[in-house]
Every structure is written in structure tokens, then in C-alpha cells.
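Peer 1: need a structure here:
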Amino acid sequence: MPSGFQNDTNQLQAEMYKVIITMSNATYYPTTGADGGGVTPNSADSFATMPTTTAKGQLRARGNMRFRNVVNHLTGLGDCQIRDVTMTGETVGDDQASVCQFTVAFDRPQFIALTGETIGSTTVGNDIAGAAMNTRAKRIANEVALGIRDTTSGAIRVYDGTSAQDTQQSISVTTTGATAAQTLGTVAVTLIDESTLFD
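Peer 2: As a prediction, this is how the structure comes out:
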């Protein structure tokens, strides 16, 4: 006798991926200037010791903007949660992290299109280094790299260490001095868990 159970494309079958961005190469992730700041969720007030100069405060703001860009790209893939963010090398506001890692959990990963698949009227191409994205991990890594490379500007709160106060400044982020392939090479994504949930 049939059980009455059937699979549905709206059924939740969550997957979690570990994302690691390695920023130890100072050519790809400079620690000074308009390309600097790395990628970080931490703003100046995340630390007991704040940035000591205006330039260091601007670097922190740039890193924070890049992390926001990464999150925007990941949420563009589908419903997801960012969890367990760990930063290596950030102990005071002046520090630029050497590694940023986090877990991203997608509720409906089966809707993440890969190379050659169509989203609406657009067919997904290869990654920014020209290779096929034939797994969801590769597509996620590509979106993280695109977020890192986004050139964006905004009026951002910057801690000015010279006057020891927050100021509102126009800040821009750039591609960090790396080529597209080099940026993608600093991003590692692995599937760490999958499970079926019922709505």
C-alpha cells in the first residue's frame, strides 16, 4: 500500500558549506592603501583597542564593506544563513586578518544553478577564472570571490584614531590588487553537512 509520501521541489534538504578566505598574501590582500582592508565582519568597535589612525579606520571599513558584499552575493544564490564566523589574526583594530572562515547553510541548495543551467532567461557561465562550476561548492566559491572583487562605494562610519571619534566618510572598495583567478584561488569551499528537513 502506498505511503502517501512524495518528494517535492520545495522540500527542504539543507546543505552546509565551510568557506575559507585566505588573505595572507599581501599582494592579493594589501594591508595599506585603497586596495587594503581584506575581508572582515568586524567593525572598529568590535575591539577593545580601536584603530590608531584614520587610515587604519578606513582599512577596517573597507574590509567590513567587502564582507557585506560577500554576504550579498551568497544571499543572491538562495535562502541561507551565515554561521560560525572565525577570524585569524585580528586582535586589535589595526590588524588585518590573515584568514576569514565561516559556515554558510542553504535551505534549498538544489536551486543553485551550475554552469550551463538556466536561471530565468540567463544561462550560467563558467567561473571568473574560466572553469566550469560543476558543483555547488564551486558556484559558492565563485560568488564569494565576486563579492570580494565588487567595486562599491558608500558613506560609512569610520573610526578616526587621530581624533578618537567616529566620522562619516565616503569609502570605496576595489578588487584588492589581485586578478580574478588569483582572488578565486584564495577561496576554498567544501560541503560539510547535508540533511533533510521537513516543512
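Peer 1: who's in contact with stretch 77-94?
Peer 2: The list of residues contacting stretch 77-94 from outside it, by C-beta atoms under 8 Å, 6 or more residues apart in numbering, reads 16, 40-42, 44, 46-52, 56-57, 60, 71, 74, 95-109, 111-112, 139-140, 143, 159, 161. Where you see a C-beta, it was placed from the backbone N, CA and C, and this is true even at glycine.
Peer 1: Now find how far off-centre that stretch is within its chain.
Peer 2: Stretch 77-94 sits 8 Å away from the centroid of its parent chain (C-alpha atoms, centre = their mean, to the nearest Å).
Peer 1: again with stretch 144-153
Peer 2: Here the centre of stretch 144-153 is set off from its chain's centre by 9 Å, with C-alpha atoms, centre = their mean.
Peer 1: Could I get the buried residue list for it?
Peer 2: For stretch 144-153, the buried set under the neighbour-count rule, 16 or more other C-beta atoms under 10 Å, comprises 144-150.
Peer 1: Now secondary structure and pLDDT too, for those, in CSV please.
Peer 2: Formatted as CSV, the entries for the buried residues of stretch 144-153 read as follows, by DSSP: H, G, I helix; E, B strand; the rest coil; pLDDT from 0 to 100:
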residue, secondary structure, pLDDT
Val144, helix, 98
Ala145, helix, 98
Leu146, helix, 97
Gly147, helix, 97
Ile148, helix, 97
Arg149, helix, 96
Asp150, coil, 95
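Peer 1: now, among the residues you listed, which is nearest to Thr32?
Peer 2: Ranked by distance to Thr32 (C-beta to C-beta), the buried residues of stretch 144-153 are led by Ile148 at 17.7 Å.
Peer 1: ok, which stretches of the protein are helices?
Peer 2: Counting by DSSP state H, the chain has these helices, from start to end: 54-77, 136-149, 180-185.
Peer 1: for those helices, which one sits closest to Gly36?
Peer 2: Distances from Gly36 to each of these were compared using C-beta to C-beta; the shortest belongs to helix 54-77, at 4.8 Å.
Peer 1: Pull the contacting residues for Asp166.
Peer 2: Going by C-beta under 8 Å, 6+ apart, Asp166 touches 44, 157-160.
Peer 1: for this structure, what helix or strand is lowest in average pLDDT?
Peer 2: Taking mean pLDDT, DSSP states H and E as the measure, the helix or strand of the chain with the lowest value is strand 187-196, at a mean of 82.
Peer 1: tilt between that one and helix 54-77?
Peer 2: Between the direction of strand 187-196 and that of helix 54-77, the angle (axes from the mean of the first three to the mean of the last three C-alpha atoms, to 10 degrees) works out to 40 degrees.
Peer 1: Does Ala105 touch Ala14 like I think?
Peer 2: Yes - taking C-beta atoms under 8 Å as the definition, Ala105 is a contact partner of Ala14 at 5.9 Å.
Peer 1: List the contacts of the least confident helix or strand of the chain.
Peer 2: Defining contact as C-beta under 8 Å, 6+ apart, one finds that strand 187-196 is touched by 11-22, 103, 109, 136-138, 140-141, 144-145, 148.
Peer 1: Could you rerun that using 6 Å?
Peer 2: 13-21, 137, 140-141, 144-145 (C-beta atoms under 6 Å, 6 or more residues apart in numbering).
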